[in-house]
Structures are given as structure tokens and as C-alpha cells.
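In: One predicted model, sequence on top.
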Amino acid sequence: MLFASPLVPNNVRHYPRPPTYDFPDLPPADRASFWLLPISIALQHITLAIIGPLPKTSPIRTLLPAIVVPIIVGIGIQATLYCHHLTSPVINFGYGTAAVSLTLQGIDILFIIPRRYEVPLTEIFTIVDKPCPTLNATWRQRFDWAGACFSNPRMLNTPFEPTVLKKRREKVAGMSKRWFLVTRLARVIMTWVLIDFLLAWCRYDLWFSSATNHLAHDTLFSGAVRTVFGASAIWMAINGEHAICAVIYVGVFGQDRGDWPDMFGIWTEEWYTIADFWGIAWHGLFRRQFTFLTDTVESKALKVVIPFLLSGILHFVGARMQSRDGGGAMVFLVLQPIGICAQQVVFGRDGGRGKGVVVKTVVWASTMVWLVATGYRFVKEYAKGGMFDIEPIPVSFLSVIGMVEGGWWRYGGALGHFGWY
């Protein structure tokens, strides 16, 4: 029986949860356009592989994007409108965000970067183990170079690397290899336990779920808790996967640990204001894709609004691919510049730093209240699309020690989400 607490009553009934692809209002035709999105992504790779490394003065760079880019974007939009519930909710979200992310990255490489540099991009980027000669590069070399750019979304070791990442790289580079591996393994175990707890909560239908379960009816407290848990699930999934990859690539393949800076900031040190949360504490996997257009504007307001608008588009598409609804995700991101500006008006551009513990506590609390209040619909759409139904861990520690009902092996039914139906 699940442990008793204010969040999880000890007598709660277990409700079977249907697979997300069995929702009755989803037309079968949603899966008919599955091929559109892979074609859109492949075309973007090929286009950037051919013309990405060329200098601005190349006629190919001038003419080809005008023809190809609208076609690619059109196919991506078509896929987003008609593809849905392809396989797993996680894969659905990945497909949707990949289409937007690669499109934004393509616009950056094709149109924005060449206006800042007259030299070929191969002299700008330093992609480890993926060199591309400046002169007489073959198509395969250009393709490999473009692929290396795509696999480096945080722009590590490039002129576009954010300052915060440079500091994090220096921090992990100063650690011994042994201590680096120990801390990352500890992070994996911690994330595993936290996910196990979250899944126990979801498994008993206490999430945004069945209206027949009175426990699922929201109160202010339960809605806030669900929002915090939903955001924590995203943090755990990204941070845990990054930690596993760091252990494998550094411990097994011998990569430089300096190339594996932390994905997130430390909340007690780097998360204070709303601007800090988004600029420092939250992951930066799409940072360049969201900020590249800010290089072209002078307005400070636009420099704040543009990244969140592009982020809203990306998350809207990802959520729509899951649940045919992405309005909550879009609204959540578009509201963030308002919160940032309002907080700076009240507490100053520095967030009241240096004005005492009371002011700092109030600022931090206002950040939490804002993120939870605006994030409710965002997390609810993720839950509606089935994001929290997936069992991402094979063994439940809580089941092993008897705190949760059910078998200790958790992959039995989850693999059904990855089948073809």
C-alpha cells in the first residue's frame, strides 16, 4: 500500500490508466501523415549540409534557401497539424520540438550567422572530432559538419557558447575524473528515487486524471503540488539522462569531463529571480535557437520577448503532437516576459540583491508563486498527452521495500507505448 501522507492517502484506490493512443476522440487519420515529419527533418539536414558552410557571397546560399526553406517549413507545419500519437508521448514531443528546433537552427545558420561573418562557417565553429576543410569540402564532409552542429545544441566550444556554460565547464574541468564520476552516479541514483516517487503518485490516479476519482479534483494546494511535480519530472528526465551520458562518455570512452558541464544551475545559488531561473537555472538545450534573432534587434523589450515567443512556438508544437492541444504551453511561455519585467519594476533590475534576507526571501517567493501560477496549464497539457504515464525506470525501489503496491519490475506495460497501432 502506498505510504500515507497529505499528498497520498493510505487508502487510495488504484485506477488502471488507458494508453494515451486509445483516447476515443483521436481520429485514426492522425497517424496517416507519419512520414511528413521525418522527411522535413531530413530535408533540413541535407539543405544545411550543402549550403551551411558556404560564405555569404555564394550564389547557392542566396538562391537555394529562398526555394527550399519555405518547403521545409511547410512540410513541418503539415506534419504538426496531421501527425499525432505516433508512438510514445515522449517521442511525439520529441518529433514536434525537433521540427521547430531544426527550423530555427536552420534559419540561424542560413541567414543570421552569415550576416555577422564573411568567412565560411567551418572557420567559426570548432566541432570536436568533426573537422571540415575550409576549401574543396566534399558533400559528405559538409553533411558531417552540419550533423555535428545539430548534435551540439548548447554550442559548447563555439563562439556562441553562453558565459554560464563556460563557467560550468571550468568548474567540472577542475574536478578529478573520479570525483566527477562519483557525483554523476549519485545524481543518477537520486533522480531514480525521485522519479519512482513521482510515478507512484501518478500510478494511483492522483495526477490530472479521471473525473470519476474525487481525489483528482483540484484544490489550490493540489494544483500547485502537481505543477511543481510536473516541472520536477521534466528536470529529472533531462538531468538524469545527461548524468547517465556523462558517466558513459567520460568513464567508458574517456571524453574530457570539461565537455560535460551541468545541464541545470544550482537552485540555491543560481535561481533567484524569474530572469535567473530562465537565463541560468533552467537547461539551455534550445538557448541559441531562441536567442539568435535578438542579435538583429536593438530594443531591450524585444530581446526579452523574442526568446519566449520562439520557446512558446516550440512547446506548443510539442504539446500539440501529444494531446492536440498546446495553448497552455504557449500562454505559459509568452507570460514569462511580463513576470520578468514586473519583478524588475518592483524590486529593481538586480532583484533586490544586497538588501537583506527578508527582501531576498520575498523575491524568491514571488518567483516561485509566478512560475507555479502560470505553469499549471502547461503541466496539465503534458499530463493530458500522457507524458507522465511512461515508466522511464526499470526497477521500483519503493516496491522493493514495500512502500508501494505492485511488482518491482516496471517495464512490462510501458513498452506498449512504443509499439505501432
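Out: Here it is on my side, so go on.

In: mind saving the C-alpha coords of stretch 332-348 as CSV?
Out: Coordinates of each C-alpha in stretch 332-348 appear next as CSV, following Å, rounded to 0.1, in the frame of the first residue of the first chain:
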residue,chain,number,x,y,z
PHE,A,332,2.9,29.9,-20.1
LEU,A,333,6.0,30.9,-22.1
VAL,A,334,4.5,34.1,-23.5
LEU,A,335,3.6,35.3,-20.0
GLN,A,336,7.2,35.0,-18.7
PRO,A,337,8.5,38.3,-20.1
ILE,A,338,5.6,40.0,-18.2
GLY,A,339,6.7,38.4,-15.0
ILE,A,340,10.3,39.3,-15.6
CYS,A,341,9.5,43.0,-16.3
ALA,A,342,7.0,43.3,-13.4
GLN,A,343,9.5,41.8,-10.9
GLN,A,344,12.2,44.2,-12.1
VAL,A,345,9.9,47.2,-11.8
VAL,A,346,9.0,46.2,-8.2
PHE,A,347,12.4,45.0,-7.0
GLY,A,348,14.9,46.6,-9.4
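
In: got a list of contacts for it?
Out: With Cβ atoms under 8 Å, 6 or more residues apart in numbering as the test, stretch 332-348 has contacts from 273-275, 278, 301, 304-305, 308-309, 311-312, 315, 351, 359, 363, 366-367, 370, 374-375, 377-378. For the C-beta atoms, the positions are set from N, CA and C on the backbone; glycine is no exception.

In: What subset of these is buried?
Out: In terms of neighbour count (16 or more other Cβ atoms under 10 Å), the buried residues within the contacts of stretch 332-348 are 273-275, 278, 304-305, 308-309, 311-312, 315, 351, 363, 366-367, 370, 374-375, 377-378.

In: Three-state assignment for the most centrally placed residue in the chain, please.
Out: The C-alpha lying nearest the average C-alpha coordinate of the chain belongs to residue 285 (Cα atoms, centre = their mean; 6.5 Å). Following DSSP: H, G, I helix; E, B strand; the rest coil, residue 285 is assigned to coil.

In: so who does it touch?
Out: Taking Cβ under 8 Å, 6+ apart as the contact definition, residue 285 lies against 153-154, 238, 263.

In: go with 10 Å
Out: Each residue near residue 285 by Cβ atoms under 10 Å, 6 or more residues apart in numbering is listed here: 97, 101, 153-154, 238, 242, 263.

In: Looking at neighbours, which among the residues you listed is most surrounded?
Out: Neighbour count (other Cβ atoms under 10 Å) singles out residue 101 as the most crowded of the contacts of residue 285, with 24 neighbours.

In: Which strand or helix spans the closest residue to it other than its chain neighbours?
Out: The shortest distance from residue 101 to any residue that is not its chain neighbour, by Cβ to Cβ, 6 or more residues apart in numbering, is 5.5 Å, and that residue is residue 289. When secondary structure is defined by DSSP states H and E, residue 289 falls within helix 287-291.

In: packing partners for that helix?
Out: Contact here means 3 or more Cβ pairs under 10 Å, 6 or more residues apart in numbering; DSSP states H and E; on that basis helix 287-291 packs against helix 89-107, helix 300-323.

In: how many neighbours does the residue lying closest to residue 387 once chain neighbours are set aside have?
Out: Of all residues beyond its chain neighbours, the one nearest residue 387 is residue 89 (4.9 Å), with distances taken as Cβ to Cβ, 6+ apart. Other residues within reach of residue 89, judged by other Cβ under 10 Å, total 26.

In: Residue 89 against residue 392, yeah?
Out: No - counting by Cβ atoms under 10 Å, residue 392 is not a contact partner of residue 89; they are 11.5 Å apart.

In: Under the pLDDT cut-off, which ranges of the stretch 101-250 of the chain? List them.
Out: Within the stretch 101-250 of the chain, the set of residues satisfying pLDDT under 70 comprises 114-143, 145-147, 203-218.

In: ok, which stretches of it are strands?
Out: Assigned by DSSP state E, counting those that start in this stretch, the stretch 101-250 of the chain shows no strands.

In: looking at this, residue 355 is in a helix?
Out: No - read with three-state DSSP, residue 355 is coil and lies in no helix.

In: what's the distance between it and residue 375?
Out: Look at residue 355 and residue 375: by Cβ to Cβ, to the nearest Å, they are 27 Å apart.

In: Kindly report the same for residue 275.
Out: According to Cβ to Cβ, residue 275 stands 16 Å off from residue 375.

In: ok, now residue 59?
Out: When distances are taken as Cβ to Cβ, residue 59 and residue 375 turn out to be 47 Å apart.

In: Same question for residue 341.
Out: Here residue 341 is placed at a distance of 18 Å from residue 375 (Cβ to Cβ).

In: what's the answer for residue 224, then?
Out: From residue 224 across to residue 375, the span is 10 Å (Cβ to Cβ).

In: Sounds good, over and out.
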